[in-house]
Structures are given as structure tokens and as C-alpha cells.
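**Q** Fold the following and give me the result.
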Amino acid sequence: MSTVGDDTKLRSSSEVLVLSSDEDNLSSDDHSDTIGSTKEEEEKVDKLKQTGKSSTKSQLALVVPSFIDKFLQSYSKFTSKSTNTERGIKLLQWSVWLISQITKNNPRFSKDTSPSFRKFYNDLSMMRFVLRLYGFPLALDAVLKPGSWAGVPPNGSEWKDRRIIKLSNIMAWSMLIYHPLEHIAYANWTMPKLLPKVNGNKLCAWSCRFWLVFIVSDWVSSHLKNSELEGEKQLLLCKYSATDFDDEEKQKVASDIQTIEKSMKINRLQILRNICFAPPCYNWSLDNWATDPVMSENAVNGFSLAEAIVCMYQTLLSL
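**A** Next up, the predicted model:
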């Protein structure tokens, strides 16, 4: 039940003016004039409110794109590719492992902290095995379309060095063999009673040997790409230094040079990733990698964490 005071708050300004005019015994003409003026005042108030709302929206429109919109657009672009999702989980996996190591036997943390992060790390590792189920069709597609994994140079043409195409085909075939071996090994680890005769650790070792072929091929391919791009860059620099070009054409040449330099930087990061990949891959490619590894866990996972960081930087650079 509403009180008289609440009722008064709900009244509009015109109702308040009408009540006051009745109390002052205004004439009918004065009363109508008061209502008319009140309506005009209401319209002015509404216009001011609308103007305030529009100005507020315009202010938000200036703030949101520079922060939230830009982040969301980049995030949507990043997550639109399944490979980027896997890269994000990879970085999270090795970061969680690092936290588990830092909190291990550390009196400043609870005794359950390190084991909890360790379990989270193992779960993420298994999750990445599941995500690799998507890899086989991609490798098969690359095998059926020779040279598709070579990519294209910044100018949109084809690589002049045909060794780049051949190496991309080797990479595709290595992954075509790698993925089924990984899948069977994962099935043996998760369902050992259904595959009692399968040795998952040995299959994983064999899969990593084919992965090592991929790493070396990608390493050499990235180097060959940068050698070719460096030649194109030098030609553009000579063209840019010519005096018979107008400003617009020089700006285009400068833009092409920047594009080539960015592509070369991405290739250099790819080489660095392969350097980080190689030691753990060699360790896992040995028959006794699970029982008698040649590298410690800290060394293997340290290289893996370094690769994940470089990979994320490379991915963000390429957006």
C-alpha cells in the first residue's frame, strides 16, 4: 500500500502544477495556460534528456572501441582458428606446470597447491591429445594438394625456390603418419584393457620420430623462405632509392618492404620455435623416453614452455 508521500513522488510536474493551481483558486483561463506552459517545459526536459543520452552514447562509443571492442575483435579473430585454440591451451598447460614446480615444497603455499596444479597440467596434456584428432584430415588434405603447406610469399605469387614446395610435401607426409600413431597411443593410455597388445609408449616414440622429420623440414623451409624474401627486399630497396618515382609509388614500395620484413620476422620466430621443439622431440622419440629419459622433466618442459611463449607471440604478430 503506497503512502501519500510516495503518491506525490509518482506524479508528473504537470499534475503538481494543476494541484497547486486548484489550491490557489486560479481561473479556468489561467489554468489552461499553466497546463500549456507545463507541456512545453516537459518537452524541453525530454529533449535535454535525449541529448544527454546521445552524448553519453557518443562518449561510450569513443571509449569502447579503443579498449573492449578492439580486444574482442582480436579475440574473435584469434579463436576462429582451432590451431590458435590449441596454442592457447598449450601455453596454459606449460604455465600451470611451472606453477606446480614453483609451489612444490614451498612453505608459503598449501601442501595441496602443487599436486592440484600438477593434476591440472596432466589433464591439459590429455586434452591436447584429443585436439590432435583434428590433425589427420588436415594432413591428408595437404598430401592430396601438394605444396599447400608451403604457403605463399607476401606478393601472393609462388615460391621461386622449389625446395620449399618439396619440403612442405615432406612435412605433410610426416604428419599423415604422425597423427594415427598418436591416436593409437592415446587410446592405449586411456583404454588399456581394450588394447592390451599395444605399447602406447613405443607408438608415441615412433610418432615423435616423424614429428622430428617435420621439425627439421620446417626449419630448413623457413630458412629458404627468408633467403628468398631477403632478395626481394633488396630489390625493393633499390627501387625505393630510385629518384624517378612519385611519392605515392614510393609509399607502396615502402609498404611492400614492411610486409616482407614482417613475414621474415614470423619465419625467424618459426625457426626459434623449431629450436625449442627439437630437444623435447628427440627425448620423446627414444624407446625408453617414459622410463629412462635422456633429459630431465625440467629441461623438457622448460623448452616446451619457451616454445609456447614464442608461439603465442608469433600468432599475435600474425593477426
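**Q** quick one, phi psi at the closest residue to Ala150 other than its chain neighbours?
**A** Distances taken as Cβ to Cβ, 6 or more residues apart in numbering put Ser168 closest to Ala150, at 3.8 Å, once the chain neighbours are dropped. For every residue, glycine as well, the C-beta is placed using N, CA and C. Backbone torsions of Ser168, given as degrees, to the nearest 10, read phi -70, psi -30.
**Q** Assess the claim that Ala205 and Leu286 are in contact.
**A** Yes. Between Ala205 and Leu286 there is a contact under Cβ atoms under 8 Å: 6.3 Å.
**Q** And those two? Which one has more around it.
**A** More neighbours surround Ala205 than the other of Ala205 and Leu286, with 20 against 15 (other Cβ atoms under 10 Å).
**Q** tell me which element the more buried one is part of?
**A** Assigned by DSSP states H and E, Ala205 belongs to helix 200-240.
**Q** pLDDT (mean, whole number) over that helix?
**A** Across helix 200-240, pLDDT averages out at 96.
**Q** Whatever helix or strand comes next after that helix - contacts with which helices or strands?
**A** Moving toward the C-terminus from helix 200-240, the next helix or strand (DSSP H and E) is helix 247-285. On a contact count with 3 or more Cβ pairs under 8 Å, 6 or more residues apart in numbering; DSSP states H and E, helix 247-285 meets helix 200-240, helix 297-318.
**Q** Can I get those in a markdown table including distance to Leu181?
**A** Below are these laid out as a markdown table (distance: least, Cβ to Cβ, whole Å):
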| stretch | distance to Leu181 |
| --- | --- |
| helix 200-240 | 4 |
| helix 297-318 | 19 |
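**Q** what's the neighbour count on the residue nearest to Ala150?
**A** Around Ser168 there are 21 residues (other Cβ under 10 Å).
**Q** What residue, apart from its backbone neighbours, is nearest Phe78 spatially?
**A** Setting aside the residues directly before and after it, Phe78 is nearest to Asn84 in space (Cβ to Cβ, 6+ apart), at 5.1 Å.
**Q** Is that neighbour within a helix or a strand, and which one?
**A** helix 82-102.
**Q** Which elements pack onto that helix?
**A** Looks like helix 82-102 contacts helix 70-79, helix 113-131, helix 297-318 (3+ Cβ pairs under 8 Å, 6+ apart).
**Q** repeat that for 10 Å
**A** Applying 3 or more Cβ pairs under 10 Å, 6 or more residues apart in numbering; DSSP states H and E, one finds that helix 82-102 contacts helix 70-79, helix 113-131, helix 135-144, helix 297-318.
**Q** Export only the CA atoms of the longest one, formatted as CSV.
**A** The C-alpha atoms that make up helix 297-318 are tabulated as CSV, following Å, rounded to 0.1, in the frame of the first residue of the first chain:
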residue,chain,number,x,y,z
GLU,A,297,61.5,-33.1,-16.9
ASN,A,298,62.5,-29.6,-16.1
ALA,A,299,64.6,-29.4,-19.2
VAL,A,300,62.0,-30.9,-21.5
ASN,A,301,59.1,-28.8,-20.1
GLY,A,302,61.3,-25.7,-20.0
PHE,A,303,61.9,-25.9,-23.7
SER,A,304,58.2,-26.6,-24.2
LEU,A,305,57.2,-23.5,-22.2
ALA,A,306,59.7,-21.4,-24.1
GLU,A,307,58.2,-22.6,-27.4
ALA,A,308,54.7,-21.9,-26.2
ILE,A,309,55.6,-18.3,-25.4
VAL,A,310,57.3,-17.7,-28.7
CYS,A,311,54.4,-19.4,-30.5
MET,A,312,51.9,-17.1,-28.8
TYR,A,313,53.9,-14.0,-29.7
GLN,A,314,54.2,-15.2,-33.3
THR,A,315,50.4,-15.8,-33.5
LEU,A,316,49.5,-12.4,-32.1
LEU,A,317,52.0,-10.8,-34.5
SER,A,318,50.4,-12.5,-37.5
